[in-house]
Structure formats: C-alpha cells, structure tokens
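A.B. asks: The following comprises the amino acid sequence and a computationally predicted model.
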2 protein chains.
Amino acid sequence: MWQLFQFPLCPFSRKVRLLLGEKGVGYELVRESPWARRDEFLDLNPAGQTPVMVHSDGTTLIDSHAICEYFEETVEKAPMIVGPAPARAEIRRLVHWFDERLHGEVVAPLMRERMTKRLVHRQSPDAGALREAMKQANAHLDYVDWLLDHRRWLGGPILSLADLAAAAQLSVADYLGGLDWRGHEQTRSWYSVMKSRPAFRPLLSERMEVIGPPAHYDKPDF
Amino acid sequence: MWQLFQFPLCPFSRKVRLLLGEKGVGYELVRESPWARRDEFLDLNPAGQTPVMVHSDGTTLIDSHAICEYFEETVEKAPMIVGPAPARAEIRRLVHWFDERLHGEVVAPLMRERMTKRLVHRQSPDAGALREAMKQANAHLDYVDWLLDHRRWLGGPILSLADLAAAAQLSVADYLGGLDWRGHEQTRSWYSVMKSRPAFRPLLSERMEVIGPPAHYDKPDF
C-alpha cells in the first residue's frame, strides 16, 4: 500500500492524486505541512516538498514529476502521456508550463498571501501581491481558452497529464478565491468537466483548516 | 536536421546538448537571447525560454525536460533514464532537484548578477546576492559530495541524466566564477571525468561575449 505525504492545498499532490485516481491506484493520505520542516520528512526528501510517496515495501518516490512518470510507466490503465513522441513532448511541455508558470505566477503567490501568511505567520495578505496574482491568473486563463480553441483537451485530442496538471493548479487558485471565471467560457466548461470526474470529487470535498473556499468551488456546475 | 535555439550560458540548453552529444544526435546551433523577447521566438515558445528545438520536418520541441524525454524515447543509443522504475524515478528526482534548486539558488542569481546585469542592464552585480549564491553553491556541492559517497554516479550505478543535469548547471556556475572547489574532492573528481567526455568538450570551448570564465574553467584537470 502507498502512503502519500501531502496537505489539502498542495497543487502538486493534487496532480498526483488526480493521476492515481484515473489509474485506480489506492493510497493512504498522510498529512505533511512542508513549512513545519519536520526532521523525519527532510530525511525522506531533502527538498522538503510534498508530494512524497512511500510504499510498504520501502520504495520511496519524490517529486510530483518523477511520481507521475513512475505511475505512467508501471500502470497501464488510463495512460496520460500519450500519442507519438512529438505529442508526448507537447503534453510534457504543458505540464511543465502549468507546474512552473501557472504555479509561480498565480498559485504560489496566492498560497503565500492567503494560506501561509494566515496559518504560519499570522499576517494579513498583501493587497498588491494579490492583485498581481489575479491579473496573471487572467492571462493564464486566456492561454487555456486559446488552447481549447484549437484542441479538444489541453494537450491534444485526448485527456492527458496536461489537463490534470492544469486542473490541479487552477483548483488551488480557485479555492483561494484567485480566479475570476467571467469571460473564460471555454476554460470554465473544460474545468466543469474535469470537476465531474470521479478522481476529482474527493479533492474538492477537502478543506484546509480555517481557510474556506468560495461557494462555487466544489460545484461542477458553476 | 535539428536546430537548437540557445545561448552559450543557458544551463538547460547545455543539459540537452550533453544528452544529444552522448546519443550522437546532430544539430545546428541557433543563437537566441531570451531576454531580447524576439517576437518570432515568443510565437514559437510562449514561455520565451531556451532551449527550443525545431526539425526541418516541422517538429518543434519546447522545454528541456520534454526535449530530454523525447530523445530518451526516440534514440536507443546511450540511454540516460535507466534501470527499474524506482531507479528511473530517482534519476528524475535529481534532474528536477538540479534544474530547480541548484538552478534557482545558485545558477540563476549568478546569471542575473554576472551576466544579465552586465549585458542587458549595464549594472554592477550586487555583492550580497553573489555572496549568498556562493554560500548556497557550497551547500549544493556538499550534497553532490554526499551522493558520490554513496553511489558511483549521481543517479546510481551508471551515468544518467542526473549527471548531465548537474554538470550543465555547475558548468555555468563555474564559468561565472561562482564555485569554490576546495573541500569538495569527490565532486571535483566526478566533474573532471564529466569534463573529459567528448560531449562536453565543445560546450567548454564556447564563450559568452565580453564575459570570460576563470582559467581553470575548461581544463579537465583543475
């Protein structure tokens, strides 16, 4: 049995959980708050980041990207890096785009201002940083709209890890009230389909301590 | 024939070039300065980053990670993500560690202070930022020492993409005078072997405009 070290708003753990859900891989959640810098966790992963997965046979997997490739390689069901080599490269490009750019420009600042400052530092969010993150969010939603104007799913003609990576990041931004969906109908209807997938339902029902999501957050029809 | 859009000190392009060299894949270098934000390049890659590879048949590969996986999948020679699935996950964890942490904490600040500020902004480097980057570099060299105390190569018993990723980042830090090799004998002798590889020699002979490397930079025995 796998254990997955994570916290409810970790977008990279969400990407992994969506993949495990689609593939039907069972796991037990272990709550880990990376900001606590617990010694045993740092021994497990020197980077100090979630997700980490540990199997009862001792196998340890670290880093969401390495974890996703591992399950892509070892579980045949529901392949998520699919198609000929150039199509697979495009899926990986987008996963990296969402993990780095959407995360760095939108999700990380929202998490810092609305989660870490509240839970760890007992500070108020910085209004300027929030405004900037929401402005960047709008540009990212525009890019997803553009992708969906050209493709059935984000990475190409079928559901792929690119969709899971984008949905994972956007779901955390949405939880933290950072997305204004008006004017993004293509992305909204794609995200509505993503939210309806059985793999997504458990994630949407979880809450992060005192921080509550907006009312539309867990509704597939929003 | 492949074209590779890059600039001499791009560490991610260096990782790709080391892989292509090991695999014997030919390519033509095209100089691209991402900071110029050339329109045609942004049309090719909305992230505006090097490396990008374009084949004469129109295939376009973006993002160093997607590019490496592409050539791993399509060229059998010199496999660099090797072994059973958990060993492959460990290689990918380390690649990500070097690409994110070593890059973000050491190489990116050195590039900003000693390259971009000089070439683009005509500013002097910030001494405090340089000191911090060199302090972080020492910690990263300690970690590589530790890996080499436990393994023949960084990712395990054989040469892998983890070695190429680490060497690519370290070579840029070394070019920019950011590494103090004293006290890191394991890493120094591993890096000396890396520098001797035919795939590495062309990179070490290239120069970045007015910025010169220290005297030891291109010597395998240093």
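C.D. replies: Alright, I've got the coordinates.

A.B. asks: burial measure for the residue lying closest to residue A:178 once chain neighbours are set aside, as a count.
C.D. replies: Leaving out its chain neighbours, the residue that sits closest to residue A:178 by CB to CB, 6 or more residues apart in numbering or on different chains is residue A:110, at 4.4 Å. To be clear about C-beta, it is placed using only N, CA and C from the backbone, and glycine gets the same treatment. Neighbourhood size, residue A:110 [other CB atoms under 10 Å in any protein chain shown]: 26.

A.B. asks: can you check the one 4 residues further on too?
C.D. replies: Residue A:114 is flanked by 22 other residues according to other CB under 10 Å.

A.B. asks: cool, residue A:57 as well?
C.D. replies: As a burial measure, residue A:57 scores 8 neighbours (other CB under 10 Å).

A.B. asks: Could you tell me what pLDDT the model assigned to it?
C.D. replies: Each residue has a pLDDT score; the one for residue A:57 is 97.

A.B. asks: Would you confirm that it belongs to a helix?
C.D. replies: No. Assigned with DSSP: H, G, I helix; E, B strand; the rest coil, residue A:57 falls outside any helix and is coil.

A.B. asks: if we can go back for a sec, can you tell me which residues contact the residue nearest to residue A:178?
C.D. replies: The contact partners of residue A:110, taken as CB atoms under 8 Å, 6 or more residues apart in numbering or on different chains, are A:130, A:133, A:172-173, A:176, A:178.

A.B. asks: Buried only: go through those residues for me.
C.D. replies: Among these, those classed as buried by 16 or more other CB atoms under 10 Å in any protein chain shown are A:130, A:133, A:172-173, A:176, A:178.

A.B. asks: Let's see which of the residues you listed end up in helices.
C.D. replies: Residues of the buried ones among the contacts of residue A:110 located in helices (DSSP state H): A:130, A:133, A:172-173.

A.B. asks: Turn those into TSV, including pLDDT and distance to chain B.
C.D. replies: TSV is the format used below for these (pLDDT from 0 to 100; distance: CB to the nearest CB, whole Å):
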residue	pLDDT	distance to chain B
A:130	97	23
A:133	98	18
A:172	98	19
A:173	98	19
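
A.B. asks: rewinding a little: closest to residue B:148 out of the buried ones among the contacts of residue A:110?
C.D. replies: residue A:172 (37.2 Å; CB to CB).

A.B. asks: Domain ranges for chain A, per the record?
C.D. replies: Domains of chain A are assigned by automatic domain parsing as A:2-74, A:85-205.

A.B. asks: returning to what we had before: as a markdown table, the contacts of residue A:110 with distance to residue A:184 would be great.
C.D. replies: Shown next, in a markdown table, are the contacts of residue A:110 (distance: CB to CB, whole Å):
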| residue | distance to residue A:184 |
| --- | --- |
| A:130 | 19 |
| A:133 | 16 |
| A:172 | 17 |
| A:173 | 12 |
| A:176 | 17 |
| A:178 | 13 |
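
A.B. asks: Out of these, which comes closest to residue B:192?
C.D. replies: The shortest approach to residue B:192 among those belongs to residue A:172, at 44.1 Å (CB to CB).

A.B. asks: Number of residues surrounding the spatially closest residue to that closest one that is not a sequence neighbour?
C.D. replies: Nearest residue to residue A:172 in three dimensions, chain neighbours excluded: residue A:11, at 4.4 Å (CB to CB, 6+ apart). Look at residue A:11: counted by other CB under 10 Å, it has 24 neighbours.

A.B. asks: swap in residue A:55?
C.D. replies: Neighbours of residue A:55 (other CB under 10 Å): 13.

A.B. asks: Identify the residue spatially nearest to it, adjacent ones excluded.
C.D. replies: residue A:2 (5.3 Å).

A.B. asks: what about the one you found, neighbour count?
C.D. replies: Residue A:2 has 17 neighbouring residues, counting by other CB under 10 Å.

A.B. asks: Please apply the same query to the one 3 residues further on.
C.D. replies: Burial of residue A:5, expressed as a neighbour count using other CB under 10 Å, amounts to 22.

A.B. asks: Quick check on it: phi, psi?
C.D. replies: With angles defined as degrees, to the nearest 10, residue A:5 sits at phi -80, psi 120.

A.B. asks: Please, which helix or strand holds the residue nearest to the spatial centre of chain A?
C.D. replies: Chain A has residue A:168 as the residue nearest its centroid, 2.4 Å off, counting by CA atoms, centre = their mean. In this assignment (DSSP states H and E), residue A:168 forms part of helix A:161-175.

A.B. asks: ok, which residues in chain A are in contact with chain B?
C.D. replies: A:46-47, A:59-63, A:65-67, A:69-70, A:73-74, A:85-86, A:88-90, A:92-93, A:96-97, A:101, A:143 (CB under 8 Å from any CB of the partner chain).
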